[in-house]
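Undergrad: Sequence isn't available, so here's the structure alone:
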């Protein structure tokens, strides 16, 4: 039984630790980009829909914005959510070195991954403690 517990708990811990690492990496990468980028208000100019290989529907969002007295049109951004629609104004961040590069920044994915990591780590601990508790009751 002890081997089964280890075989269950170790992968949960490893996946949890990996998700924490990925969360921190995404968070740091996003913050590094924000340090050198400029916030700009953009207007969604187009949302194209496509079918992914897994049968799900994907969306590409394009925006128009003005930065440094130049207008940038039909620039792809890296995000979509159900609140987006053509004509909506959104806040984006523009890369000052390459103004045609813009990003919509949301920390939702970071929080989701970190939450999943905590759940997996707690599940791994739960498996270990449940096994140690059942062993103690057998000894009595």
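TA: The structure has been received and is ready for your questions. Keep in mind that this is a model prediction, so the values were computed, not measured. Residues are numbered from 1 along each chain as shown.
Undergrad: make it CA atoms for all contacts and neighbour counts henceforth
TA: Noted.
Undergrad: Can you give me the distance of residue 103 to residue 65?
TA: 12 Å (CA to CA, to the nearest Å).
Undergrad: With residue 34 instead?
TA: Here residue 34 is placed at a distance of 17 Å from residue 65 (CA to CA).
Undergrad: before we move on, what about residue 54?
TA: According to CA to CA, residue 54 stands 33 Å off from residue 65.
Undergrad: Settle it for me: which of the two has more neighbours?
TA: A direct count of neighbours by other CA atoms under 10 Å for residue 54 and residue 65 places residue 65 higher, at 23 against 6.
Undergrad: Provide a list of residues in contact with that one.
TA: With contacts defined as CA atoms under 8 Å, 6 or more residues apart in numbering, residue 65 is in contact with 40, 41, 42, 43, 71, 72, 73.
Undergrad: where do the strands sit along this protein?
TA: All strands of the chain, identified by DSSP state E, fall at 37-51, 57-67, 70-77, 89-95, 102-103.
Undergrad: Please identify the deepest-packed of those strands.
TA: Greatest average neighbour count among those goes to strand 102-103 (a mean of 22), per mean count of other CA atoms under 10 Å.
Undergrad: Tell me which strands it pairs with, and in which orientation.
TA: Paired strands of strand 102-103, with direction, are strand 89-95 (antiparallel) (DSSP bridges).
Undergrad: Could you give the separation of the strand it pairs with from the chain centroid?
TA: Put simply, strand 89-95 sits 18 Å off its chain's centre (CA atoms, centre = their mean, to the nearest Å).
Undergrad: what's in contact with it?
TA: By CA under 8 Å, 6+ apart, the residues outside strand 89-95 that reach it are 33-34, 36-44, 100-105.
Undergrad: And the contacts of stretch 66-76?
TA: The contact list for stretch 66-76, computed with CA under 8 Å, 6+ apart, reads 40, 42, 45-46, 60-65, 99-102.
Undergrad: mind redoing it with 7 Å?
TA: If you take CA atoms under 7 Å, 6 or more residues apart in numbering as the criterion, stretch 66-76 is touched by 45, 61, 62, 63, 64, 65, 100.
Undergrad: At the geometric centre of the chain, which residue sits there?
TA: Central residue of the chain (CA atoms, centre = their mean): residue 109, 2.4 Å from the mean position.
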